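S.K.: Have a look; sequence and predicted model below, questions after that.
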Amino acid sequence: MTVTSLVLGSFDNRPVRKISAQDTNKFVLLCDRTQVPFVSVVEIFDKGGQTPPNEHAEAYEYFYVLEGEGVAIVDGEEAPIAKGTYFVVPPGRLHQVRNTGEGRLYVLTTMVPDEKFSDLIQAGPEAELDEEDLRVLKGV
C-alpha cells in the first residue's frame, strides 16, 4: 500500500472501542489499514486489566507506555513496564500485557502489518473516554 497524502488526526475525534463488552481494556483507534499498512492505537487498561495471551503470524507489535505500570509477558518471560518503557514483540511470540499498577495503564501500540486487527477493534462495542483518560491523553 502506498500512502499518497498526509494522515493527520487527533485522539479526540477517533473511535473508541472494546473488542468485547466484558473486556478490561479499550482502544482509541488512531489509524488503521484503510489509511496505512499498519494499525496504531492507544490501549487503555483498567486497574487489573490485561490482554488475553495472543500471537501474530506476520506482525511485529510495538508498545510504548504513556502512563501507569504493568508487566509484559513474552513466551513466558515477564518484564516490568512503566511510563517511558517500550518493547517490541516479533511475529510468532505468545505475549500478554497486564496492568499491575494502582491506576490505569496507557499504552501506545502499533502493529505492522495490521493483520486485520483494526477490523477486530472496529467490530467491537463502542466505549468512551472519561476525564482521567482525557487528562492522560492531553498530557495535562
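M.R.: That came in fine, so what should we check first?

S.K.: mind listing what the spatially most central residue of the chain touches?
M.R.: Centroid-nearest residue in the chain, with C-alpha atoms, centre = their mean: residue 43, separated by 3.4 Å. With contact taken as C-beta atoms under 8 Å, 6 or more residues apart in numbering, residue 43 is in contact with 25, 26, 27, 51, 97, 106, 107, 108, 109. C-beta here means a position set from N, CA and C on the backbone, and glycine is covered the same way.

S.K.: My reading is that it lies in a helix. Confirm?
M.R.: No - when the secondary structure is assigned by DSSP: H, G, I helix; E, B strand; the rest coil, residue 43 falls in strand instead of a helix.

S.K.: what about it, distance to residue 23?
M.R.: From residue 43 across to residue 23, the span is 10 Å (C-beta to C-beta, to the nearest Å).

S.K.: Kindly report the same for residue 56.
M.R.: 18 Å.

S.K.: For residue 134, give its distance to residue 116.
M.R.: 29 Å.

S.K.: what do you get for residue 47?
M.R.: Separation of residue 47 from residue 116 (C-beta to C-beta): 30 Å.

S.K.: burial count for the nearest residue to residue 116 once chain neighbours are set aside?
M.R.: Using C-beta to C-beta, 6 or more residues apart in numbering and skipping the chain neighbours, the partner closest in space to residue 116 is residue 33 (7.2 Å). Counted by other C-beta atoms under 10 Å, the residues lying close to residue 33 total 17.

S.K.: check contacts around residue 33.
M.R.: Shown here is residue 33, whose contacts under the criterion C-beta under 8 Å, 6+ apart are 1, 39, 113, 114, 116, 118, 119.

S.K.: 7 Å - rerun?
M.R.: By C-beta atoms under 7 Å, 6 or more residues apart in numbering, residue 33 lies in contact with 39, 114, 118.

S.K.: Could you pull out the strands in the chain for me?
M.R.: Counting by DSSP state E, one finds strands in the chain at the ranges 16-17, 25-31, 39-45, 60-67, 69-74, 77-82, 86-89, 95-99, 105-112.

S.K.: Mind checking the pLDDT average for the first one?
M.R.: In this model, strand 16-17 has a mean pLDDT of 96.

S.K.: what packs against it?
M.R.: When contacts are defined as 3 or more C-beta pairs under 7 Å, 6 or more residues apart in numbering; DSSP states H and E, strand 16-17 sits against strand 25-31.
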